[in-house]
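Asker: here's a sequence, model it:
(4 chains)
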Number of protein chains: 2
Amino acid sequence: MRKQDEQIPGVPTLQDVAKAAGVSTATVSRCLNAPSVVSEKTRVRVMEAVKTLGYAPNFSAQALAAKRTNTFGAIVPTMANAIFARGLQAFQEELQKSNITMLVASSSYRPELEEEQIRALVARGADALLLIGHDRSDDIYKFLERRGIPYVVAWVHDDGQSHVSIGFDNKLAMQSLTRAVLDLGHRRLGYITAQRIGNDRAQARYGGLSDALSESGLSIDDVALEETDYSIKSGADAFDRILKRQPDTTVVMCGNDVLAAGALQKARSLGLQVPKDVSITGFDDIDIAEIVSPALTTIHVPHRNMGRGAASMLIEMSRDGTRPKSRELPAHIEWRGTLGPSPDQM
Amino acid sequence: MRKQDEQIPGVPTLQDVAKAAGVSTATVSRCLNAPSVVSEKTRVRVMEAVKTLGYAPNFSAQALAAKRTNTFGAIVPTMANAIFARGLQAFQEELQKSNITMLVASSSYRPELEEEQIRALVARGADALLLIGHDRSDDIYKFLERRGIPYVVAWVHDDGQSHVSIGFDNKLAMQSLTRAVLDLGHRRLGYITAQRIGNDRAQARYGGLSDALSESGLSIDDVALEETDYSIKSGADAFDRILKRQPDTTVVMCGNDVLAAGALQKARSLGLQVPKDVSITGFDDIDIAEIVSPALTTIHVPHRNMGRGAASMLIEMSRDGTRPKSRELPAHIEWRGTLGPSPDQM
DNA sequence: AAAATTATTGCAAGCGCTTACATTCACTGT
DNA sequence: ACAGTGAATGTAAGCGCTTGCAATAATTTT
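Answerer: Next up, the predicted model:
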């Protein structure tokens, strides 16, 4: 009984709105994207049509036509714990102010997967990318270069690197923490690190440990080293192994808070008092650092500032095509309860 | 010096590949999407061209043409803590098996924001959606219905609801935990809940508490209730207020582990022994439940099964257009260290 | 060997939107 | 009254891909 050849409603398109408002699709498009150039009168009429039809632009079509998505991507190594959560949150908040959407992907600390994710985000039209750490294949950098996709490398600062970055000096931070540890009289150390290969943060932190030891005439070879994957359980197991190998260990330093939380848990279950019998240190200062007891002495990392800064740098790069200077942010020791003087001292 | 009118390389398109391989764009497309239908010989030739040109399909164009994205969306209330992390991980892993990408958005427990996120994901072409909890405006359900977008509601199971869902009975779980608490002799209770408005999980859990009390002839009005937002700090503050108002409280039950972790922290800083002086219970069994000390007695929730199940249901719905039955999964009390007999008993 | 199938490929019409360019309109100044 | 403006709108050409259909090639059947 329909008079015209109207279809079953379906999803409204720009066309439909244009027809309903009695204007061309171009005008509708302008109403939505550059309202100032359309006359008040038509704008009102169009907006009304938009509302009554419940029109919403098709993102893919928009991206295809405009070659711009107002979407930035972020690839982080993990979302399983809070390490990058706060930073991403800040990144996202900052983007939001400029009406940019964030897309996140997680690489599970796997380089091939990261590469895949980067390509996927680019294929999805990400206008710019946030990457964690420098360490990745040259191919992927070339790929981004070629596509003209701005990116910034975050969570690290290393003068030797040429990529635009925002972060802190992982090595220096661990070095200063190690000095503090040594100052407290510790000489029998254990160190639990996350997988270092493909992870420049872990490498740098290890380097900081090593350098601080050298400064004091000690050798990295004398510390009980455990390299393990990223989980509380792994931290606990590693701690156990260290104490077995080197029962007189007075401090176990950890490459991150997750491992440290595991170590702490194990220490307690072994009946050791922290820090009276053994000290433990973390790195990152994520939320669990505060809720374990005693609370973790760790390196406080400028999560939110990195996220926010990365966002504003990317926005600028994407908008103006410029290349901002890398930024180094401070990190500092957060003194809490798990690091005390070496028991040998007493 | 260029002979032909070749452009500056730019991003390779299907066209380019087609030309390089000496076939039509249709054939290239088929090579990529339905390899079995093109001959071995041409397939090899095309794939070679793809490789040498470094071609990658433009997602937007693909979505626009195919009206399908192989992308499912998930909107969770928060990504700041681990509550949904494990579930999402499992969801994602399951999708991956079918070559489907997951897009996540977080609503920060704000209904308007959630609605916005849902529309954004749909505009981005999500083929199906994972939602948390039933509680949202009817408009949004109509919107999804109209667009023909399959969705499943997870983390809840409620026979009264008509949406396809996968989850556990939040009310029953809290009810059983409360019974256990009462069985241990507790009579002076405190309860810390997250904001209940717009959060059916929080409401159901509260309902479970209330019902269990009624069973024993007690009244919900006698428990010291604190409603607060979602953070460790808030949990700690709420615990403090409860103990001030009702100093003889013997157990503080919490609507989730995050609040419980805060409560526990505060209890300790108040010099209270848990569970000797006061018991504390959580809900969710996320990772922090195990690392606090004593470890939290809580409700273990089938995170991974929900995620995995939701994925397979959505895949089926999207593929076959069917409407699977809702699934109820079990949740159980995870006995650890923070719940003990009421001190009154002694 | 011709006819009938079946396996491969190409053609070309969109998908829904943006935007350069052309056109129309409403005023101005002269 | 008319050329000269600038503002508002319309026209239409893509953006890069998929896919129904038609055309062709290869294989089988009779």
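Asker: contacts and neighbour counts: CA atoms only from here.
Answerer: Fine.
Asker: mean confidence score for stretch A:160-174?
Answerer: Mean pLDDT, stretch A:160-174: 95.
Asker: and what of stretch A:18-29?
Answerer: Per-residue pLDDT over stretch A:18-29 has a mean of 94.
Asker: endpoint to endpoint, it covers what distance?
Answerer: With C-alpha to C-alpha, to the nearest Å as the measure, stretch A:18-29 spans 9 Å from end to end.
Asker: now do the buried residues in it.
Answerer: A:18, A:20-21, A:25, A:27-29 (16 or more other C-alpha atoms under 10 Å in any protein chain shown).
Asker: quick one: end-to-end length of stretch A:243-261, please.
Answerer: Stretch A:243-261 has an end-to-end distance of 16 Å (criterion: C-alpha to C-alpha).
Asker: that one close to chain B?
Answerer: Yes. Using C-alpha under 8 Å from any C-alpha of the partner chain, stretch A:243-261 reaches chain B at A:A261.
Asker: which bits of chain A sit near chain B?
Answerer: So far as C-alpha under 8 Å from any C-alpha goes, chain A lies against chain B at A:10-11, A:56-61, A:63-64, A:79-82, A:85-86, A:103-104, A:123-125, A:146-147, A:261-262, A:265, A:288, A:291-293.
Asker: in strands, which of these appear?
Answerer: A:103-104 (DSSP state E).
Asker: among the residues of chain A next to chain B, which ones are buried?
Answerer: Among those, those buried by neighbour count (16+ other C-alpha under 10 Å) are A:56-61, A:63-64, A:79-82, A:85-86, A:103-104, A:124-125, A:261-262, A:265, A:288, A:291-293.
Asker: ok, now how distant is A:A126 from DNA strand D?
Answerer: With distances taken as C-alpha to the nearest atom of the strand, to the nearest Å, A:A126 is found 14 Å from DNA strand D.
Asker: A:R241: neighbouring residues, count only.
Answerer: With neighbours defined by other C-alpha atoms under 10 Å in any protein chain shown, the count for A:R241 comes to 16.
Asker: the strand or helix carrying it packs against which elements?
Answerer: Assigning secondary structure by DSSP states H and E places A:R241 in helix A:232-245. Packing contacts for helix A:232-245, counted by 3 or more C-alpha pairs under 8 Å, 6 or more residues apart in numbering or on different chains; DSSP states H and E, involve strand A:189-194, strand A:224-228, helix A:257-269.
Asker: looking at these, which is nearest to A:Q96?
Answerer: Closest to A:Q96 of those is helix A:257-269 (C-alpha to C-alpha; 29.6 Å).
Asker: tell me the mean pLDDT for the closest one?
Answerer: The average pLDDT for helix A:257-269 rounds to 96.
Asker: identify the residues contacting that helix?
Answerer: A:192-193, A:230-240, A:253-254, A:273-274, A:280-286, A:288-289, A:292, A:296, A:298, B:291 (C-alpha atoms under 8 Å, 6 or more residues apart in numbering or on different chains).
Asker: any weak-confidence spans in the stretch 201-346 of chain A?
Answerer: A:345-346 (pLDDT under 70).
Asker: which residue does it have closest to chain B?
Answerer: A:V292 (5.2 Å; C-alpha to the nearest C-alpha).
Asker: for chain A, which helix is longest?
Answerer: For chain A, the helix with the greatest residue count under DSSP state H is helix A:303-320.
Asker: residue in the stretch 51-200 of chain A nearest to chain B?
Answerer: Taking C-alpha to the nearest C-alpha, chain B has its nearest neighbour within the stretch 51-200 of chain A at A:S60, 4.4 Å off.
Asker: domains of chain A?
Answerer: As recorded under automatic domain parsing, the domains making up chain A are A:14-57, A:70-168+A:303-329, A:170-301+A:333-345.
Asker: can the ones you listed go into JSON lines with extra columns for distance to B:L113?
Answerer: Compiled in JSON lines, the domains of chain A are given as follows (distance: least, C-alpha to C-alpha, whole Å):
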{"stretch": "domain A:14-57", "distance to B:L113": "16"}
{"stretch": "domain A:70-168+A:303-329", "distance to B:L113": "12"}
{"stretch": "domain A:170-301+A:333-345", "distance to B:L113": "25"}
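Asker: out of the ones you listed, the one nearest B:Q161 is which?
Answerer: Going by C-alpha to C-alpha, the one of those nearest B:Q161 is domain A:14-57, 26.6 Å.
Asker: can you tell if the closest one touches DNA strand C?
Answerer: Yes. Counting by C-alpha under 7 Å from any atom of the strand, DNA strand C is contacted by domain A:14-57 at A:14-15, A:25-27, A:29-30, A:32-33, A:56-57.
Asker: distance to A:H163 for the helices and strands packed on helix A:232-245 - can I get that in CSV?
Answerer: Output for those, formatted as CSV (distance: least, C-alpha to C-alpha, whole Å):
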stretch, distance to A:H163
strand A:189-194, 24
strand A:224-228, 28
helix A:257-269, 27
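Asker: thinking again about what came up before, so what's the spatially closest residue to the residue of the stretch 51-200 of chain A closest to chain B that is not a sequence neighbour scoring on pLDDT?
Answerer: Ranked by C-alpha to C-alpha, 6 or more residues apart in numbering or on different chains and with sequence neighbours excluded, the top spatial neighbour of A:S60 is B:S60, at 4.4 Å. Looking at B:S60, its pLDDT reads 95.
Asker: next, the contact list for B:S60, please.
Answerer: Applying C-alpha under 8 Å, 6+ apart, we find B:S60 in contact with A:59-61, A:63-64, A:123-125.
Asker: now, those that are in helices?
Answerer: Among the contacts of B:S60, the ones falling in helices (DSSP H) are A:59-61, A:63-64, A:123.
Asker: could you measure from the residue found closest to A:T250 once you drop the neighbours it is linked to in the chain over to A:G271?
Answerer: Nearest residue to A:T250 in three dimensions, chain neighbours excluded: A:V278, at 4.8 Å (C-alpha to C-alpha, 6+ apart). Distance from A:V278 to A:G271, counting by C-alpha to C-alpha: 11 Å.
Asker: how about A:S234?
Answerer: As judged by C-alpha to C-alpha, A:S234 and A:G271 stand 19 Å apart.
Asker: so those two - more neighbours on which side?
Answerer: The neighbour comparison of A:S234 against A:G271 (other C-alpha under 10 Å) goes to A:S234, with 21 against 9.
Asker: where's that one relative to DNA strand D, distance?
Answerer: Look at A:S234 and DNA strand D: by C-alpha to the nearest atom of the strand, they are 43 Å apart.
Asker: Serialize the residues of domain A:14-57 next to DNA strand C to TSV and add fields for secondary structure.
Answerer: As requested, these are exported to TSV (DSSP: H, G, I helix; E, B strand; the rest coil):
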residue	secondary structure
A:L14	helix
A:Q15	helix
A:T25	helix
A:A26	helix
A:T27	helix
A:S29	helix
A:R30	helix
A:L32	helix
A:N33	helix
A:A56	coil
A:P57	coil
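Asker: out of those residues, which touch DNA strand D?
Answerer: Near DNA strand D, by the rule C-alpha under 7 Å from any atom of the strand, you find A:25-27 out of these.
Asker: beta partners of the residue in the stretch 151-300 of chain A positioned nearest to DNA strand D?
Answerer: Closest approach between the stretch 151-300 of chain A and DNA strand D, counting by C-alpha to the nearest atom of the strand: A:Y151, at 21.0 Å. Beta bridges link A:Y151 to A:L129 when assigned by DSSP bridges.
Asker: how much space separates the most centrally placed residue in chain A from DNA strand C?
Answerer: Geometric centre of chain A, nearest residue: A:F84, 4.1 Å, by C-alpha atoms, centre = their mean. From A:F84 across to DNA strand C, the span is 33 Å (C-alpha to the nearest atom of the strand).
Asker: can you check the pLDDT for that residue?
Answerer: Taking A:F84 on its own, its pLDDT is 93.
Asker: hang on, isn't it packed against A:H303?
Answerer: Yes. Using C-alpha atoms under 8 Å, A:F84 is in contact with A:H303, at 7.4 Å.
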